[in-house]
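> based on what follows, work out the 3D shape:
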Amino acid sequence: MAEKVVLHYFNGRGRMEAIRWLLAVADVEFDEVYLTNRQQYEKLLSDGDLMFQQVPMVEIDGMKLVQTKAILKYIAEKYNLHGKDPKDRVMINMYSEGLIDLMEMILVLPFSTDVAEKLENIQTKAKERYLPVFEKVLSGHIYLVGGKISCADVQLLECTLMLEENFTGILADFPNVKAFQGRMTQLPTVKKFLQPGSKRKPPADANYVKTIMEVFSR
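Down below sits the predicted model:
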């Protein structure tokens with residue numbers, strides 16, 4: 001029996017949440033080790049577990065993987081969520097990286113001072129740059145690429161939920177995206193991850209920010 005996947009990160013969304021989502025949709029059980037103090041981080045460094053001195057870090061298949069995009073691609077490949085051929089994969093990667101760019105803007109908000117200005121910018125970019133892309137591609141299609149679920153679909157669902165947390169009704173002008181969201185939330189593994197008590201994390205709060213600052217402070 002394979003060892004359980006272990007995630008090393010903070011007890012919050014951050015750059016690990018997309019990884020949690022992908023593992024959950026693939027129906028892969030995982031454990032988590034939360035960083036709560038500087039000493040834990042320094043031990044990971046001294047043990048040579050963080051290639052670029054950064055988290056997330058994921059233990060999987062006897063490896064200790066870092067770099068979020070690399071981890072996501074490995075999981076997607078391993079669990080058949082990365083398309084059938086190179087043309088599928090490059091489209092999936094383009095959609096995925098665009099979504100990660102948009103979600104990153106939201107993830108850094110708790111560390112920002114000019115939150116109102118940044119929220120306005122995020123909403124504008126979401127409605128003018130990102131959502132129209134997915135509204136168009138989902139016209140007449142159930143999934144984004146190749147007629148089957150991929151990591152890009154999982155990230156689009158995650159992103160739409162994050163947007164709705166911050167901007168009520170933002171999907172009103174994007175009926176195809178809203179319908180896609182509805183279909184995705186009916187998948188059994190997604191339903192399970194959206195239930196209270198799952199390993200899905202809530203939006204960042206002051207305690208999450210404080211912990212990160214303390215861990216990375218010198």
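
> please count neighbours and contacts with C-alpha atoms only from this point.
OK.

> which SSE is immediately downstream of the longest helix seen in the chain?
Ranked by residue count under DSSP state H, the longest helix found in the chain is helix 86-107. The first helix or strand that comes after helix 86-107 along the chain, using DSSP states H and E, is helix 115-125.

> so how far is that next one off the chain centroid?
Between the centre of helix 115-125 and the centre of its chain there are 20 Å (CA atoms, centre = their mean, to the nearest Å).

> on that earlier part again, the longest helix of the chain vs helix 115-125, what angle?
Angle between the axes of helix 86-107 and helix 115-125 is 150 degrees (criterion: axes from the mean of the first three to the mean of the last three CA atoms, to 10 degrees).

> need the residues that contact helix 86-107.
Defining contact as CA atoms under 8 Å, 6 or more residues apart in numbering, one finds that helix 86-107 is touched by 13-14, 82-83, 119, 122, 126, 130, 144-146, 150-152, 155-156, 159, 162.

> of those, which belong to helices?
119, 122, 151, 152, 155, 156, 159, 162.

> so for the longest helix of the chain, what gets flagged as buried?
Across helix 86-107, burial judged by 16 or more other CA atoms under 10 Å covers 89, 91-93, 95-96, 98-100, 102-103, 106-107.

> now those residues in CSV, with distance to residue 172 and pLDDT?
Output for the buried residues of helix 86-107, formatted as CSV (distance: CA to CA, whole Å; pLDDT from 0 to 100):
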residue, distance to residue 172, pLDDT
89, 30, 97
91, 26, 97
92, 25, 98
93, 26, 97
95, 21, 98
96, 22, 97
98, 21, 97
99, 19, 97
100, 22, 96
102, 18, 97
103, 19, 97
106, 20, 95
107, 23, 94
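
> ok, these vs residue 19, which is closest?
The nearest member of these to residue 19, counting by CA to CA, is residue 100 at 11.5 Å.

> distance-wise, check the closest one relative to residue 7.
With the distance defined as CA to CA, to the nearest Å, residue 100 ends up 19 Å from residue 7.

> picking up where we left off before, of the ones in helices among the contacts of helix 86-107, keep whichever come out buried.
Of all the ones in helices among the contacts of helix 86-107 considered here, the ones buried according to neighbour count by 16+ other CA under 10 Å are 119, 122, 151, 152, 155, 156, 159.

> would CSV of those with pLDDT and distance to residue 23 be doable?
Compiled in CSV, these are given as follows (pLDDT from 0 to 100; distance: CA to CA, whole Å):
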residue, pLDDT, distance to residue 23
119, 96, 29
122, 97, 27
151, 98, 10
152, 98, 13
155, 98, 12
156, 98, 15
159, 98, 16
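
> residue 202: which of the buried residues of helix 86-107 is nearest?
Scanning the buried residues of helix 86-107 for proximity to residue 202, where the rule is CA to CA, the winner is residue 107, at 11.6 Å.
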